[in-house]
Structures are given as structure tokens and as C-alpha cells.
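Novice: just the structure for this:
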Amino acid sequence: MMSLLGTLFIGLIVGFIARAIKPGDDKLGWIMTALLGVAGSFLASYVGVAMGWYRTGQTAGWIASVLGAIALLVLYGIIQRTSNR
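Specialist: Have a look, this model is predicted:
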């Protein structure tokens with residue numbers, strides 16, 4: 001349970017970091033940014049630990065979480081652009 005809460009909190013922080021790093025003008029609110037950060041954090045945590053690249057809590061997990069959140073922000077932007085056409 002504590003790991004889940006930790007991942008949610010880290011995901012919130014990661015979402016804001018990813019949005020600050022990713023170039024471009026995203027029209028996302030802070031809730032959507034946080035949700036994408038949480039999803040990126042879960043994705044990166046699961047994939048990285050499953051592949052044996054790092055253990056839970058290592059710095060690489062933070063970096064992977066930010067990269068996962070950026071990837072989801074880019075994917076979300078692509079989906080938004082194609083749906084607005």
C-alpha cells in the first residue's frame with residue numbers, strides 16, 4: 001500500500017517535471033498533467049523493474065519516470081492534434 005501511495009506522489013511530481021522539460025505549449029490542466037505523470041511513473045517503474053534495469057527507489061527509476069511521463073505527454077499531444085482535425 002505504501003508503495004502505491006509513493007508511486008502516486010512521485011507521479012504527481014514527475015508529471016510537473018516532465019511538463020516543464022517537454023517543449024511546446026500544452027493546453028493541459030494540472031490534474032491531467034498529474035494523471036499523465038502518474039501513468040508515466042507506473043509504466044516506467046513496471047518496465048524498468050521487470051527488465052531488471054534498476055530496483056525500486058533508485059535514481060534511474062526517477063529518470064525513467066520522467067522520460068515515461070514525457071513520452072505520454074507527447075503521445076497525448078499527438079492524439080489531441082489528430083482528433084481536432
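Novice: in the worst-scoring helix or strand of the chain on mean pLDDT, what counts as buried?
Specialist: The least trusted helix or strand in the chain, going by mean pLDDT, DSSP states H and E, turns out to be helix 2-21, with a mean of 77. For helix 2-21, a neighbour-count test (16 or more other Cβ atoms under 10 Å) marks 7, 10-15, 17-19 as buried. Where you see a C-beta, it was placed from the backbone N, CA and C, and this is true even at glycine.
Novice: low-confidence bits of this structure, can you list those?
Specialist: Residues of the chain that meet the criterion pLDDT under 70 lie in 1-2, 7, 24-26, 57, 59-60, 85.
Novice: how does it look with 50?
Specialist: Low-confidence segments of the chain, defined by pLDDT under 50, are absent.
Novice: which stretches of it form helices?
Specialist: Using DSSP state H, the helices found in the chain span residues 2-21, 30-51, 59-83.
Novice: could you say which of the ones you listed is packed most deeply?
Specialist: When the helices of the chain are scored by mean count of other Cβ atoms under 10 Å, the highest mean neighbour count falls to helix 30-51 (a mean of 18).
Novice: counting by contacts, list what it packs against.
Specialist: With contacts taken as 3 or more Cβ pairs under 8 Å, 6 or more residues apart in numbering; DSSP states H and E, helix 30-51 sits against helix 2-21, helix 59-83.
Novice: pipe the ones you listed into a markdown table and attach distance to residue 44 per row.
Specialist: Compiled in a markdown table, those are given as follows (distance: least, Cβ to Cβ, whole Å):
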| stretch | distance to residue 44 |
| --- | --- |
| helix 2-21 | 8 |
| helix 59-83 | 3 |
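Novice: looking at the buried residues of helix 2-21, which is nearest residue 41?
Specialist: residue 11 (3.6 Å; Cβ to Cβ).
Novice: from residue 84, how far off is the nearest residue to residue 40 once chain neighbours are set aside?
Specialist: Distances taken as Cβ to Cβ, 6 or more residues apart in numbering place residue 69 nearest to residue 40, at 3.1 Å, with adjacent residues excluded. Using Cβ to Cβ, to the nearest Å, residue 69 is found at 22 Å from residue 84.
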